[in-house]
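> give me coordinates for this.
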Amino acid sequence: MNTKAIGAASQVIFKAMTRNGVVPATIAVALDANGLLAGPDAAVETTALRARLAELESVLAERDEQIAYLLADEPTLDDDQPGVPA
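Numbers count the residues shown, from 1 in each chain. Predicted coordinates:
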């Protein structure tokens, strides 16, 4: 159960219901306008994007190590430098 999504949806529904002439379509439009309705492929796409983000964060961390090494006061050419295969 996604309590965060449920809480957000309940707030949108409550606001829509406090208006006069509320019909189910009004609530559906309010949910859609707040980005709370998603197609069946949204979960698959979200999972793929999260995996790609994790991959890019890993690459960025490696690059940060390499940049820090290169900016060090006296870098040396030894086997302890980041990114050098063993």
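> roughly how far apart are the residue nearest the centre of the chain and residue 44?
By C-alpha atoms, centre = their mean, the mean C-alpha position of the chain lies nearest to residue 50, the distance being 6.2 Å. Between residue 50 and residue 44 the computed distance is 11 Å (C-beta to C-beta, to the nearest Å). All C-beta atoms are positioned from the backbone trio N, CA, C, and that covers glycine.
> can you pull out the helices in this protein?
3-17, 24-33, 42-70 (DSSP state H).
> buried ones in the shortest one?
I take that to be helix 24-33. Buried positions in helix 24-33, judged by neighbour count with 16 or more other C-beta atoms under 10 Å: 27, 30-31.
> please apply the same query to the first one.
For helix 3-17, burial by neighbour count (16+ other C-beta under 10 Å) applies to 9, 12-13, 16.
> CA atoms only: put it into CSV for me.
In CSV, the C-alpha atoms belonging to helix 3-17 read as follows (Å, rounded to 0.1, in the frame of the first residue of the first chain):
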residue,chain,number,x,y,z
THR,A,3,0.2,5.6,1.8
LYS,A,4,1.8,8.7,0.3
ALA,A,5,-0.2,8.3,-2.9
ILE,A,6,-3.4,7.4,-1.0
GLY,A,7,-3.0,10.6,1.2
ALA,A,8,-2.5,12.7,-1.9
ALA,A,9,-5.5,11.2,-3.7
SER,A,10,-7.7,11.6,-0.6
GLN,A,11,-6.8,15.3,-0.4
VAL,A,12,-7.6,15.9,-4.1
ILE,A,13,-10.9,14.0,-3.7
PHE,A,14,-11.8,16.0,-0.6
LYS,A,15,-11.2,19.3,-2.4
ALA,A,16,-13.2,18.1,-5.4
MET,A,17,-16.1,17.0,-3.2
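> now it: average pLDDT?
Average pLDDT, helix 3-17: 82.
> give me the below-cutoff pLDDT ranges for the protein.
By pLDDT under 70, the low-scoring segments of the chain are 1, 20, 40, 74-86.
> let's see that with 80 instead.
1-2, 5-6, 19-22, 34-40, 42-43, 73-86 (pLDDT under 80).
> return the member of the buried residues of helix 3-17 nearest to residue 3.
residue 9 (10.6 Å; C-beta to C-beta).
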